[in-house]
Each structure stands twice: as structure tokens, then as C-alpha cells.
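Student: here's a sequence, model it:
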Amino acid sequence: MVGFGRIRKHYGCDEFCSLGVIEKKRFNGIARALIEARIKIATQPIFLVCIIPDYFKKLGFKIVTQYPAEIADKLNYCNAELMVPEPYVVMKFVGNKV
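Tutor: Here you go, the predicted structure:
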């Protein structure tokens, strides 16, 4: 296994989460392939919480300020428990721009 990513099902939306690629295999398109594969299996609007919005913008995601309660809970969890110097944002898949 060189990478992982998943779609978490919620009532009314799907959440893209848990993306990772082992360090020595990064920058080879693996993350992009994982994201695109998960987009294909999503059955509802897709949201994610991240600190690297520029990466996801290239794949058709847009920063949004309105999102389902489950995504708000995830954002609150990240802000409270997963302290990083970058701000967390919520993004929604609006179409593949690659």
C-alpha cells in the first residue's frame, strides 16, 4: 500500500477524508488518483476540511462558508484538537477543473 483516502457517508453529504501517501511515493500523482477515484464513488455532495486549499482547488473543490452540520462538527474538531499553524477551511466539490 502506498496511499489511502476515503469517503465518509453522512446524511445529506459525503466527506472526503483521511488522505495520505507514503513519503517516498509522494509527487507521483497517487493522491490525485485517490481523490479522483473517491469522487467517482461519491453519491452525494462532497465536502472536506483541509489546510491545503490550493491543492484541492486544482481538483475542482471550492472554499465554502455554508455546509452541513456534520462538516461543521469536523471543522470544530480540527480547530480544537488538531493544532496546526495553517487555518482549516471547508471545501465543496463543484466540478473537476483538471
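
Student: isn't residue 53 up against residue 59?
Tutor: No - counting by CB atoms under 8 Å, residue 53 does not reach residue 59; the two are 10.7 Å apart. Any C-beta I mention is one placed from the backbone N, CA and C, and that applies to glycine too.

Student: distance of the residue of the chain positioned farthest from its centre from residue 2?
Tutor: Distance from the C-alpha centroid of the chain peaks at residue 24, with 21.6 Å (CA atoms, centre = their mean). Distance, residue 24 to residue 2, using CB to CB, to the nearest Å: 9 Å.

Student: go on, residue 58?
Tutor: To residue 2, residue 58 is 21 Å away according to CB to CB.

Student: give me the neighbour count for residue 8.
Tutor: By other CB atoms under 10 Å, 14 other residues sit near residue 8.

Student: what do you get for residue 36?
Tutor: Residue 36: 15 surrounding residues under other CB under 10 Å.

Student: pull out the buried positions in the helix or strand harbouring it.
Tutor: Assessed by DSSP states H and E, residue 36 sits inside helix 30-41. The neighbour-count check on helix 30-41 (16 or more other CB atoms under 10 Å) flags 30, 31, 34, 35, 38, 39 as buried.

Student: hmm, back to that, tell me the SS of the residue farthest from the centre of the chain?
Tutor: What DSSP: H, G, I helix; E, B strand; the rest coil gives for residue 24 is helix.

Student: can you give me the strands in this structure?
Tutor: For the chain, the strands defined by DSSP state E occupy 3-10, 13-21, 46-50, 61-63, 89-93.

Student: so what strands line up beside the last one?
Tutor: Based on DSSP bridges, the pairing partners of strand 89-93 within the sheet are strand 46-50 (antiparallel), strand 61-63 (antiparallel).

Student: what's the closest of the ones you listed to residue 80?
Tutor: strand 46-50 (12.3 Å; CB to CB).

Student: so what's the most centrally placed residue in the chain bridging to?
Tutor: Nearest to the mean C-alpha position of the chain, counting by CA atoms, centre = their mean, stands residue 48 at 3.7 Å. In this entry, residue 48 is beta-bridged to residue 91, by DSSP bridges.

Student: right, I'll call it a day here.
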